[in-house]
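*Asks:* what's the 3D shape of this:
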Amino acid sequence: MSKRSIQRKLTRISKRLRGLRAELVAVDEQLRSLRADADDTAIRAMVAENTAADREARQAREHASAYLRQRERVTTEIAELERRQDDLLDQLTA
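*Replies:* The predicted structure is shown next:
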């Protein structure tokens with residue numbers, strides 16, 4: 001692979017990593033909020049002891065779980081891109 005091609009790939013990976021890291025910050029912030037909401041609704045459901053409160057608590061937990069899965073996808077992609085970036089840097093210096 002040519003040096004120029006490697007540099008282009010490194011540039012694309014670097015841009016994608018910046019975007020993913022920014023997304024991770026936003027997801028983490030949202031996840032903290034959703035977990036707090038899920039905890040609050042779970043407490044309210046225990047106190048209220050009715051199906052509507054239980055449903056609301058379940059939905060809040062599911063929403064928080066969805067963001068947790070999104071966080072895992074983002075961190076997995078970041079790790080993969082960092083691995084690819086390291087491989088390309090090794091090729092560039094070889």
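
*Asks:* could I get the average pLDDT for the top helix by length along the chain?
*Replies:* If you go by DSSP state H, the chain has its longest helix at helix 3-48. What helix 3-48 shows for mean pLDDT is 94.

*Asks:* list the helices and strands it packs on?
*Replies:* With contacts defined as 3 or more C-beta pairs under 8 Å, 6 or more residues apart in numbering; DSSP states H and E, helix 3-48 has these neighbours: helix 51-93. Yep, even glycine has a C-beta here, placed from its N, CA and C like the rest.

*Asks:* show me the residue at the heart of the chain, geometrically.
*Replies:* Arg71 (2.1 Å; C-alpha atoms, centre = their mean).

*Asks:* for it, which non-adjacent residue is spatially closest?
*Replies:* The shortest distance from Arg71 to any non-neighbouring residue, by C-beta to C-beta, 6 or more residues apart in numbering, is to Val27 (4.9 Å).

*Asks:* doesn't Arg69 make contact with the one you found?
*Replies:* No: Val27 sits out of contact with Arg69 when judged by C-beta atoms under 8 Å, with a separation of 10.1 Å.

*Asks:* looking at those two, which is more packed in?
*Replies:* Neighbours of Val27 and Arg69, each counted by other C-beta atoms under 10 Å, are more numerous for Val27; the result is 20 against 10.
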